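predicted model, plus sequence, below.
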Amino acid sequence: MLSKRVIPCLDVRDGRLTKGIKFKGNVDIGDPVETARLYYEQGADEIVFYDITASSDGRSIMLDVVDRVASQIFIPFSVGGGISTVEHMRAVLLAGAEKVSVNSAAVKNPDIISKGAAAFGSQAIVVGMDVLKVDKSEQIPSGYEIVIHGGRKRMGLDAIDWAKTVEALGAGELCVNSIDADGTKDGYELTLTRMVCEAVTIPVIASGGAGNPQHMVEAVTQGKATAALIASIVHYGEYTIPQLKQYMSGQGVKVRTVW
């Protein structure tokens with residue numbers, strides 16, 4: 001059995017670490033480079049970095065910040081935000097990332113997934129899915145709709161159908177973020193996570209809503225995810241990564257030990 005991964009997420013705006021609730025009310029909470037180094041030293045399995053306003057601002061990602069983070073950590077590093085071409089992907093990978101995450105750009109131009117996979121390998125291509133719970137309909141039979149531009153634009157696209165599509169296009173991993181749960185610390189959206197995991201064969205990261213280590217256990221057991229993305233509970237010092245992993249291990253979840 002593969003170890004379940006614990007992945008801190010760094011949302012970055014204007015070069016600073018930020019956090020909000022349901023994609024709103026973001027506040028400055030520190031330096032992303034220092035924070036990434038701390039999480040690496042604590043035993044994070046991977047770091048995810050999102051330039052959260054790059055797509056909505058219509059600009060490319062802040063490569064200088066990517067480079068500075070990459071110089072401080074020696075674990076897999078995934079970067080997203082404002083990546084809309086294979087050239088953007090190449091620049092981010094050359095700046096030190098192991099993976100690139102595409103979200104809004106992939107919805108608008110799915111070919112970027114297959115082109116990126118052909119150029120750099122599927123293992124380097126993560127598709128981020130920002131998902132909103134809606135009423136079930138003929139267009140959205142699962143009741144979960146894809147939204148883009150940081151949750152600002154609904155796309156009329158069923159999340160489960162989209163997950164299957166991006167796997168077929170060559171994505172190597174999915175990061176499924178529930179907007180309804182994001183930043184609430186009330187737990188992951190387990191129904192959504194499980195539905196996506198059961199629809200695809202590639203790894204799925206659960207994102208949005210972690211408030212305690214039990215939520216993380218639920219994400220990788222009930223939700224069937226291969227990894228749990230975390231933010232608020234470590235950013236604000238409520239838990240350290242070793243504490244989270246110790247709890248998960250005590251609940252029978254296989255993790256890479258750091259204590």
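Nice, I can see it. No experiment lies behind these values; they were computed from the predicted model shown.

what ranges does the stretch 151-259 of the chain have for its strands?
Taking DSSP state E, counting those that start in this stretch, the strands of the stretch 151-259 of the chain run over residues 153-158, 173-178, 204-207, 227-230.

make a markdown table out of those strands and add distance to Val127.
C-beta: built from backbone N, CA, C; applies to glycine. Converted to a markdown table, the strands of the stretch 151-259 of the chain look like this (distance: least, CB to CB, whole Å):
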| stretch | distance to Val127 |
| --- | --- |
| strand 153-158 | 13 |
| strand 173-178 | 6 |
| strand 204-207 | 10 |
| strand 227-230 | 14 |
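
out of these, deepest packed?
strand 204-207 (a mean of 29; mean count of other CB atoms under 10 Å).

related to what we said a few turns ago, any chance of TSV for the strands of the stretch 151-259 of the chain, columns distance to Lys254 and mean pLDDT?
Listed next are the strands of the stretch 151-259 of the chain as TSV, based on distance: least, CB to CB, whole Å; pLDDT from 0 to 100:
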stretch	distance to Lys254	mean pLDDT
strand 153-158	32	94
strand 173-178	19	96
strand 204-207	16	97
strand 227-230	12	97
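
of those strands, which is nearest Gln246?
strand 227-230 (14.4 Å; CB to CB).

pLDDT below threshold where in the protein?
Along the chain, segments meeting pLDDT under 70 span 15, 19-29, 52-61, 150, 258-259.

about what we covered before: to Met1, which of the strands of the stretch 151-259 of the chain lies closest?
Using CB to CB, the nearest of those to Met1 is strand 227-230, at 13.8 Å.

and the closest one, what does it pack onto?
strand 5-13, strand 204-207, helix 213-220 (3 or more CB pairs under 8 Å, 6 or more residues apart in numbering; DSSP states H and E).

mind putting those in a markdown table, distance to Thr257 included?
What follows is the helices and strands packed on strand 227-230, written out as a markdown table (distance: least, CB to CB, whole Å):
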| stretch | distance to Thr257 |
| --- | --- |
| strand 5-13 | 11 |
| strand 204-207 | 20 |
| helix 213-220 | 15 |
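
out of those, which one sits most buried?
It is strand 204-207: most buried of the helices and strands packed on strand 227-230 by mean count of other CB under 10 Å, with a mean of 29.

from Thr240, how far off is Leu10?
16 Å (CB to CB, to the nearest Å).

which parts of the host helix or strand of His88 are buried?
For His88, the host element (DSSP states H and E) is helix 86-94. Residues of helix 86-94 classed as buried: Val86, His88, Met89, Ala91, Val92, Leu93 (neighbour count, 16 or more other CB atoms under 10 Å).

touching, Ser71 and Ala95? I think so.
No. Applying CB atoms under 8 Å as the test, Ser71 and Ala95 come out as separate, 9.8 Å apart.

between those two, tell me which one has more neighbours.
Between Ser71 and Ala95, counted using other CB atoms under 10 Å, the more crowded position is Ala95 (20 against 13).

how about that one, what does it touch?
Taking CB atoms under 8 Å, 6 or more residues apart in numbering, we find Ala95 in contact with Leu63, Val66, Asp67, Ala70, Val79.

quick one: buried ones out of those?
Leu63, Val66, Ala70, Val79.

can you give me the neighbour number for Thr18?
Counted by other CB under 10 Å, the residues lying close to Thr18 total 20.

wait, it sits on Val12?
Yes. Counting by CB under 8 Å, Val12 is a contact partner of Thr18 at 6.8 Å.

and the gap between Asp158 and Lys164?
Applying CB to CB to Asp158 and Lys164 gives a distance of 10 Å.

now the residue lying closest to Gly170 once chain neighbours are set aside, what's its secondary structure?
Leaving aside its chain neighbours, Gly170 sits nearest to Ala117 (3.2 Å; criterion: CB to CB, 6 or more residues apart in numbering). Look at Ala117: counting by DSSP: H, G, I helix; E, B strand; the rest coil, its state is helix.

quick one, what contacts Ala117?
The contact partners of Ala117, taken as CB under 8 Å, 6+ apart, are Ala124, Ile125, Leu169, Gly170, Ala171, Gly172.

since that was my last question, I'll sign off now.
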